[in-house]
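Novice: Please find the sequence and the predicted model below.
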Amino acid sequence: MHTLENEWLAVALYGWPGVREYVYKPTGTRMAGSGPDGRLAVNGMELEWDEWDIDARPSPDGTAVSYRMGLRRLALRIAVEYRLEQQTLAVKVTVEDDPQAALKKLDWRRLPLLSCDDPSFSFDRTEVRQKSWRLIPGGGRGLYDRERVRDRIGDAVPDPSEVPTMHACAFDGNLCGFVRTNYPVLPLQTRVSEDERYPGRGGRFSIAPNTYQYRVRERTMAPLELAVVFLEDINGDGIADDCDYHLWLNRQFPDADPLYKKAIWYQVFNAEKDRGVLTTFKETLEIIRQIHHVTGGVPQIAYLIGWQFDGHDTGYPSLNRVNPKLAENPERAEEELRELVRRAKEEYDCIVSYHINLDDAYVDAPDWDPAILSRDPDGADRLWLDTPKQRAYHICHTKDVESGQVFRRIDDFLKAVPVERTVQVDAFRNTNASWEADGSYIGPLEEFVCGMQPILAYFRDKGIDVSTEGLNGMSIEDSGVFSAYWHYSPSLLYHGKIVGGGSVDMNAIAWGKGASFDSDVLYRGEPTRLLGEQFLANDFESKWDQVVDIIYLGSMLYQFYLEREMAEWREDGRRIYIRYSDGVTVDIDKAEERLAVRWGQVTIASDGERFVPLGDRIYAYSQGGSDREWTLPEDWRVGGFAAYRMSGEGRERIGEYPAGLSSVRLRLEPRVPVILERMG
């Protein structure tokens, strides 16, 4: 048995690689690791510890120990190192020698890294469960659902077995403990175990590493790194809980590409096979122009949908043919697209990019190839779409990468159209598993490590960031993989690390959380039939008020949020409370759909009204019209500023205000933005 100790922690270890107990000294809190019956399994076979040759080597300072382990039957050598680093126990699992290439995977059986036996503690975890392999409505098979569960251990119903988990912690208000790992797919497993005194009720919450798959096709994984971390209050609310855990993780994640934080980005629906042309290249430029003017020139990103072949979801996996129907002269379609891209950038500070698909292959596509498709257990190609007009199958990204075809198609795409900084990939998943004829299995880890990551790196090497539709039923740690999702529900965990459109239901709940475009923009659309002969217009002009609402109620407020660190997010059935580190607070009444955002004495948002300071501007807006006094931020009281009424055609100066004012009275017309701009 070995003990590691520093200023914060005392950790008791077994004679084999396992933690017996933690003592967190500042609070005197004790937590457990595993019991004495914990075992390591190699390739699914659980082994007794006496089957290993184990040499434990403590460090001279008593803060680390390395277990050098040899498995005689396989000539396998593994090192498991435990090291104290302030309030953290760092664990590293390294395969030192595997001469027979025998090791496929390691499993921890009854060997959690952290356990809490106090039923008064609470836990928070994100459970991940796989759905059916059958073709589900809307496409996709074998996708995963995530559900965040927060409960008191003593109130929880025991789990019948370990639960695959993305994130998890245990806390009591004084201390929060959790496990972090570098494993990218389904990294943890957790379990609420039954209280021996009270059958049917929880008595222990444990967090363990999930399966460590070491071999992935022809490569091996990096050493497995884990950290058992203990936190007190780090967000300044006086308690240690899941908010501190999420904030700590957020600070470890890489920041999102700043491109997405300063721009208004949206999809322009150009064409669909059945509905035909919805927005030409010329009409796309008109959309960009009007959004440029109504925002006073805020940068934009416009992703074109249906720019290729015969419209949306046609031609894939090929990406090298511009839809001729979108041009005034079909024979000059590529030239007209390039002209759109040039003018949008030069005249309106807008990046025109593209919505593409790397997951699906249509049988009538030029690059159709059954050899790169995912296969079901019976050997059949993985069907995704089957209609009288179209048939498509899922591509196995691993086989696509290994064949080199995906890189050739990307090169063809980049030759066919101008691409700057970003593309949007539809439904880019690591769930296109494939059962191969030789008996091998390409699973989610292979699809991520051998498929998706090389594709993302290929784009990145060309200076292009890949945004995508959303989480898309994947079981991965999102941050660091994607900066931006089209469909996205904000959280403290990923604030500023993943940005996105949000789930825009056009209400105070969505706006208050942080939301922007989550609906396509199109110039002309088929009218929507109501009752009888009544029709509801569905074109850009008729939807202009909705577009301006999204920008001023959503996008500008979201950009304001993204300028600051989120420190706290609390939510129940009636209310959401969000606090940022500089004192900005968000109160959302879910039942009444009311919103209040304040920054000290400054009101930033009140239901359908906005007064959003960003740089040298304040963006003021009222959905229903208002006449009221607005308190100015302190740094706005030292200089003069002008007011402009904004429209899709430009701006009109309507007032000038001297230095020294502490507030300003604005009469806002319904859905007519006003921008205050510093002078000089």
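Specialist: Arrived safely, thanks for sending.

Novice: which other residues reach stretch 245-253?
Specialist: The contact list for stretch 245-253 (Cβ atoms under 8 Å, 6 or more residues apart in numbering) reads 124, 167, 169, 171, 176, 178, 180, 229, 231, 234-235, 479-480, 491-497, 565-569. C-beta here means a position set from N, CA and C on the backbone, and glycine is covered the same way.

Novice: ok, 10 Å please
Specialist: 124, 167-171, 176-178, 180, 227, 229, 231, 234-236, 477-480, 491-498, 565-569, 581 (Cβ atoms under 10 Å, 6 or more residues apart in numbering).

Novice: Can you go through those residues and name the buried ones?
Specialist: Neighbour counting by 16 or more other Cβ atoms under 10 Å classes 124, 167-171, 176-178, 180, 227, 229, 231, 235, 477-479, 491-498, 565-569 among those as buried.

Novice: Please flag which of those sit within helices.
Specialist: Assignment to helices by DSSP state H places none of the buried ones among the contacts of stretch 245-253 there.

Novice: Tell me which of the residues you listed fall in strands.
Specialist: Of the buried ones among the contacts of stretch 245-253, the ones assigned to strands by DSSP state E are 124, 167-171, 176-178, 180, 227, 229, 231, 566-569.

Novice: can I see the domain layout of this structure?
Specialist: The record's domain split for the chain, according to automatic domain parsing, is 2-252, 259-354+407-425+442-486, 576-678.

Novice: Same list (these) but as JSON lines, adding mean pLDDT and distance to Ala510.
Specialist: Below are the domains of the chain laid out as JSON lines (pLDDT from 0 to 100; distance: least, Cβ to Cβ, whole Å):
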{"stretch": "domain 2-252", "mean pLDDT": "96", "distance to Ala510": "18"}
{"stretch": "domain 259-354+407-425+442-486", "mean pLDDT": "96", "distance to Ala510": "14"}
{"stretch": "domain 576-678", "mean pLDDT": "97", "distance to Ala510": "9"}
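
Novice: now those in JSON lines, with distance to Val363?
Specialist: Shown next, in JSON lines, are the domains of the chain (distance: least, Cβ to Cβ, whole Å):
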{"stretch": "domain 2-252", "distance to Val363": "16"}
{"stretch": "domain 259-354+407-425+442-486", "distance to Val363": "11"}
{"stretch": "domain 576-678", "distance to Val363": "43"}
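
Novice: and among the ones you listed, the most buried is which?
Specialist: With neighbours taken as mean count of other Cβ atoms under 10 Å, the domains of the chain reach their highest mean count in domain 259-354+407-425+442-486, at a mean of 20.

Novice: Would you pull up how far that one lies from the middle of the chain?
Specialist: Remark: domain 259-354+407-425+442-486 is offset 19 Å from the chain centroid, using Cα atoms, centre = their mean, to the nearest Å.

Novice: Repeat that for stretch 431-442.
Specialist: With Cα atoms, centre = their mean, you get 27 Å for stretch 431-442.

Novice: and if you look at stretch 232-246?
Specialist: Taking the mean of its C-alpha atoms, stretch 232-246 sits 22 Å from the chain's own mean (Cα atoms, centre = their mean).

Novice: Could you double-check that Leu47 lies in contact with Ile54?
Specialist: No. The criterion here is Cβ atoms under 10 Å, and Leu47 misses it with Ile54 at 11.6 Å.

Novice: hey, where'd the strands end up in the stretch 151-300 of the chain?
Specialist: With DSSP state E, counting those that start in this stretch as the criterion, the stretch 151-300 of the chain has strands at 163-171, 176-181, 188-194, 202-209, 212-213, 215-216, 219-220, 224-231, 264-269, 271-272, 276-277, 300-305.

Novice: Mind putting those strands into a markdown table with distance to Glu436?
Specialist: Output for the strands of the stretch 151-300 of the chain, formatted as a markdown table (distance: least, Cβ to Cβ, whole Å):
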| stretch | distance to Glu436 |
| --- | --- |
| strand 163-171 | 24 |
| strand 176-181 | 29 |
| strand 188-194 | 27 |
| strand 202-209 | 28 |
| strand 212-213 | 17 |
| strand 215-216 | 15 |
| strand 219-220 | 17 |
| strand 224-231 | 26 |
| strand 264-269 | 36 |
| strand 271-272 | 35 |
| strand 276-277 | 41 |
| strand 300-305 | 34 |
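
Novice: Export stretch 561-579 to CSV, keeping only CA atoms.
Specialist: Presented in CSV, the C-alpha positions along stretch 561-579 are these (Å, rounded to 0.1, in the frame of the first residue of the first chain):
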residue,chain,number,x,y,z
TYR,A,561,-22.7,37.4,-24.0
LEU,A,562,-19.7,36.0,-25.9
GLU,A,563,-17.6,38.9,-24.9
ARG,A,564,-17.6,37.7,-21.3
GLU,A,565,-17.0,34.6,-19.2
MET,A,566,-20.1,32.8,-18.0
ALA,A,567,-19.8,31.9,-14.3
GLU,A,568,-23.1,30.4,-13.3
TRP,A,569,-26.1,28.7,-14.9
ARG,A,570,-29.0,27.5,-12.7
GLU,A,571,-32.2,26.2,-14.2
ASP,A,572,-35.4,24.5,-12.9
GLY,A,573,-38.9,24.1,-14.3
ARG,A,574,-39.8,27.8,-14.0
ARG,A,575,-36.6,29.8,-14.1
ILE,A,576,-33.2,30.1,-15.7
TYR,A,577,-30.6,32.3,-13.9
ILE,A,578,-27.3,33.0,-15.7
ARG,A,579,-24.5,35.1,-14.3
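
Novice: is it fair to say Ala333 lies in a helix?
Specialist: Yes. Under DSSP: H, G, I helix; E, B strand; the rest coil, Ala333 sits within a helix.

Novice: contacting residues around it?
Specialist: Phe281, Trp307, Arg321, Val322, Asn323, Pro324, Lys325, Leu326, Ala327.

Novice: between the residues you listed, which is nearest Phe448?
Specialist: Closest approach to Phe448 among the contacts of Ala333 (Cβ to Cβ): Trp307, at 28.2 Å.

Novice: Do I have it right that that closest one meets Thr284?
Specialist: Yes. At 9.2 Å, Trp307 counts as touching Thr284 under the criterion of Cβ under 10 Å.

Novice: Overlap in contacts, those two.
Specialist: Joint contacts of Trp307 and Thr284 (Cβ under 10 Å, 6+ apart) are Val268, Asn270, Leu326, Leu337, Leu340, Val352.

Novice: what kind of secondary structure is the fifth one in?
Specialist: Per three-state DSSP, the local secondary structure of Leu340 is helix.

Novice: How much space separates the nearest residue to Glu402 once chain neighbours are set aside from Arg408?
Specialist: Distance criterion Cβ to Cβ, 6 or more residues apart in numbering; nearest residue to Glu402, sequence neighbours excluded, is Cys450 at 7.3 Å. Between Cys450 and Arg408 the distance is 18 Å, computed by Cβ to Cβ, to the nearest Å.

Novice: so what's the spatially closest residue to Cys243 that is not a sequence neighbour up against?
Specialist: Once flanking residues are discounted, Cys243 sits nearest to Glu568: 5.0 Å by Cβ to Cβ, 6+ apart. The contact partners of Glu568, taken as Cβ under 10 Å, 6+ apart, are 235-237, 241, 243-244, 246-247, 492, 577-581, 585-586.

Novice: what's the answer for Thr585, then?
Specialist: For Thr585, the contact set (Cβ under 10 Å, 6+ apart) comprises Glu568, Tyr577, Ile578, Arg579, Ala596, Val597, Arg598, Trp599, Gly600, Ile604.

Novice: May I have the beta-bridge partners of the nearest residue to the third one once chain neighbours are set aside?
Specialist: Counting by Cβ to Cβ, 6+ apart, the nearest residue to Ile578 once its immediate chain neighbours are dropped is Val586, at 3.9 Å. Here Val586 sits in beta bridges with Ile578, Val597, going by DSSP bridges.

Novice: for the contacts of Thr585, which one is nearest Asp378?
Specialist: Ile578 (49.3 Å).
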